[in-house]
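1. Sequence and predicted structure below; questions after.
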Amino acid sequence: MSNYFSMEAFDYDDIQLVPNKCIIKSRKEADTSVKFGSRTFKIPVVPANMESVIDEELAIWLAEHDYYYVMHRFQPQERAHFIKIMHEKGLFASISVGIKDEEYDFIDSLVKQNLVPEYITIDVAHGHSDYVIKMIHYIKDKLPDSFVTAGNIATPEAVRELENAGADATKVGVGPGRACITKLKTGFGTGGWQLAALRMCAKAASKPLIADGGIRHNGDIAKSIRFGASMVMIGSLLAGHEESPGHVIDIDGKSYKQYWGSASEVQKGAYKNVEGKQMLVPYRGSIKDTLREMQEDLQSSISYAGGRDLNSIRLVDYVIVKSSILDGDK
Ligand SMILES: NC(=O)C1=CN([C@@H]2O[C@H](COP(=O)(O)OP(=O)(O)OC[C@H]3O[C@@H](n4cnc5c(N)ncnc54)[C@H](OP(=O)(O)O)[C@@H]3O)[C@@H](O)[C@H]2O)C=CC1
Ligand SMILES: Nc1nc2c(ncn2[C@@H]2O[C@H](COP(=O)(O)O)[C@@H](O)[C@H]2O)c(=O)[nH]1
C-alpha cells in the first residue's frame, strides 16, 4: 500500500500538457481514430452506459456513425431484442450486464438464441470483486467472441486481477462522476485524484483502459489519453442534448436536461444503497455537434502534441499546476 502514501494525487484541473513542435499543416490531418476490440472508432469517447445518457435510438445513431457506445442495463428484458435489432441493421451490439444470479440466466439465454454481442461491459460500482471475476470467467466461457470490459475499479491490483480473469479491457473510476455521492457517503473512491488513479492503473495494465467519470472539459479527454486511457467514458457532459433521454426543463429562460446517477433513488425506485443523485445539466443542442467539437479539439491536441495521431499525446510532458488552470478565467 506504500504506493498510495507516496503517490502524487492530482486531477484533471491540476495538469497542463506541454506542447511539442507541430508537424502538420492543418488540424484536419490529425487522426483521432482509436481501435477498441476489433473495431475502429472515430474518437476515443463513449457516452456513459446510464439511462439518462443513452437509449436505443442514440445507440443506433452512434453505431451507424462509427462511434463506440455501451447500452445501459436498466431495462434488462430489452437487451436480447436490442442485440437482434442492431444485428438486423448490420451494426455492432454493445450491452451491459450486472453480476446478480439472473444475469447468468441472461447469458445462457443469449447462448441459446445464438445472440453474440460484439461488446459486453460488466457494470458494477465495486468491480474489484470475486463476483465480477466469476462473471468474467462465465462470459468468456459461454461467449468467447464477445469483447469484455469489466469495472469499475481504482487500483493496479484490480486491473491485474480482472485482466488475469480474462477481461479484455478494464474501466477505471470509482466515485469521480458528476452525479456521484459515493465519496461523500462511503469515504472511498478516486474523486479528486481520478487522473492519478488512471496513471497508476495504466502502469499495471496490459490491455486497454477506459477512463470513466470526471470529464468536465474537452481537454480532459486528451489528458486521459496522456495518462493511459484508450477510451474515455463521459456522462454529464453528454447528457444535456436533444438526443439525451432526460426531459427538458426550462428555468428563468434557460433550458436544462435531467441527469441522474445509476445508483440514484430515481434510477432504483427506492432509497436503498443510494450512491447517486439527480441534477440538471445545461441543454446543449444536438450531440452530433458536441461530438464533432470533441473531435476537432482532439485534433488540436494532437497538433500541440507534435504528432499525427492519438499516440503522440501519450508521449508528451506535463506540468502539475494544482487547481490553477482556470485561474486566468476568474
Ligand atoms: N463508477 C462509480 O463510481 C459508481 C457507479 N455506480 C453505478 O450504479 C449502478 C448500480 O451499481 P451497483 O449497485 O453496483 O449494481 P447492482 O445493484 O447490480 O449491485 C452489484 C452487486 O454487488 C453487490 N455489492 C457488494 N458490495 C457492493 C458495493 N459496495 N456497491 C455496490 N454493490 C455491491 C450488490 O449487492 P447488494 O446490493 O445487496 O449490496 C449486488 O449484488 C451501476 O451502473 C454502477 O456503474 C454506482 C456507484 C458508484
Ligand atoms: N457514484 C456513482 N457513480 C455513478 C452513478 N451513476 C453513474 N456513475 C458513474 O459516473 C460516470 C459518469 O461521470 P461524469 O463525471 O462524466 O458525469 C458513469 O460512467 C459512472 O461510472 C451513481 O449513481 N453513483
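-> Arrived safely, thanks for sending. Numbers count the residues shown, from 1 in each chain. Ligands and ions are numbered 1, 2, ... in the order given.
2. Next, the residue of the stretch 201-330 of the chain found nearest ligand 2: phi, psi?
-> Nearest to ligand 2 in the stretch 201-330 of the chain, going by CB to the nearest ligand atom, is Gly276, at a distance of 1.9 Å. C-betas here are computed from N, CA, C, even on glycine. Main-chain dihedrals, Gly276, degrees, to the nearest 10: phi -150, psi 160.
3. From Ala229, how far out is the residue nearest to it when sequence neighbours are not counted?
-> Distances taken as CB to CB, 6 or more residues apart in numbering place Gly261 nearest to Gly276, at 2.0 Å, with adjacent residues excluded. Applying CB to CB, to the nearest Å, the value for Gly261 to Ala229 is 22 Å.
4. How about Trp61: what's its closest non-neighbour residue?
-> Nearest to Trp61 is Glu243, by CB to CB, 6+ apart, at 7.1 Å.
5. surely that neighbour meets Arg284?
-> No: applying CB atoms under 8 Å as the test, Glu243 and Arg284 come out as separate, 10.5 Å apart.
6. In the stretch 101-250 of the chain, mark out all the helices, start to finish.
-> Ranges of helices in the stretch 101-250 of the chain, per DSSP state H, counting those that start in this stretch, are 101-113, 130-142, 156-165, 182-186, 194-204, 219-226.
7. what does the last one rub up against?
-> Helix 219-226 is touched from outside by 12, 15, 17, 43-45, 195, 198, 211, 214-215, 232, 294, 297-298, 301, 305, 310, 313-314, 316, 318, with contacts defined as CB atoms under 8 Å, 6 or more residues apart in numbering.
8. which residues does the residue of the stretch 201-330 of the chain closest to ligand 2 contact?
-> Counting by CB under 8 Å, 6+ apart, Gly276 has contacts 177, 179-182, 260-264, 267.
9. Dump those residues to TSV, plus neighbour count.
-> Shown next, in TSV, are those (neighbours: other CB atoms under 10 Å):
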residue	neighbour count
Gly177	30
Ala179	25
Cys180	26
Ile181	17
Thr182	21
Trp260	22
Gly261	27
Ser262	25
Ala263	21
Ser264	22
Gln267	19
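10. for these, which one is nearest Gln113?
-> Ser262 (26.5 Å; CB to CB).
11. how far away is the most centrally placed residue in the chain from Gly253?
-> For the chain, the residue nearest the mean C-alpha position is Met233 (1.8 Å; CA atoms, centre = their mean). According to CB to CB, Met233 and Gly253 sit 32 Å apart.
12. what about the residue nearest to Trp61, neighbour count?
-> Burial of Glu243 is recorded as 18 neighbouring residues (other CB atoms under 10 Å).
13. unless I'm mixing things up, Phe106 is touching Pro76, no?
-> Yes: under the criterion of CB under 8 Å, Phe106 is in contact with Pro76, at a separation of 6.8 Å.
14. Over to the residue lying closest to Met279 once chain neighbours are set aside. Which of the three states is it?
-> Using CB to CB, 6+ apart and skipping residues adjacent in sequence, the residue nearest Met279 is Tyr259, 5.6 Å away. Three-state call for Tyr259 (DSSP: H, G, I helix; E, B strand; the rest coil): strand.
15. ok, now which ones touch Tyr259?
-> 52-53, 178-179, 235-236, 239-240, 246, 278-281.
16. If we use 6 Å, what do you get?
-> 52, 179, 236, 239, 279, 281 (CB atoms under 6 Å, 6 or more residues apart in numbering).
17. Put the buried members of the residues you listed into a PyMOL selection.
-> Entered in PyMOL, the line below selects the buried ones among these, by 16 or more other CB atoms under 10 Å:
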select buried, resi 52+179+236+239+279+281
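18. Kindly reformat the contacts of Tyr259 as a markdown table and extend each row with distance to Lys100 and pLDDT.
-> Output for the contacts of Tyr259, formatted as a markdown table (distance: CB to CB, whole Å; pLDDT from 0 to 100):
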| residue | distance to Lys100 | pLDDT |
| --- | --- | --- |
| Ser52 | 22 | 98 |
| Ala179 | 22 | 97 |
| Ser236 | 27 | 98 |
| Ala239 | 26 | 98 |
| Met279 | 27 | 97 |
| Val281 | 30 | 97 |
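19. Could you measure from Ile83 over to Ile120?
-> Taking CB to CB, one finds Ile83 at 10 Å from Ile120.
20. ok, the nearest residue to Met233 once chain neighbours are set aside - how many residues close by?
-> Leaving aside its chain neighbours, Met233 sits nearest to Asp212 (4.0 Å; criterion: CB to CB, 6+ apart). Asp212 is flanked by 31 other residues according to other CB under 10 Å.
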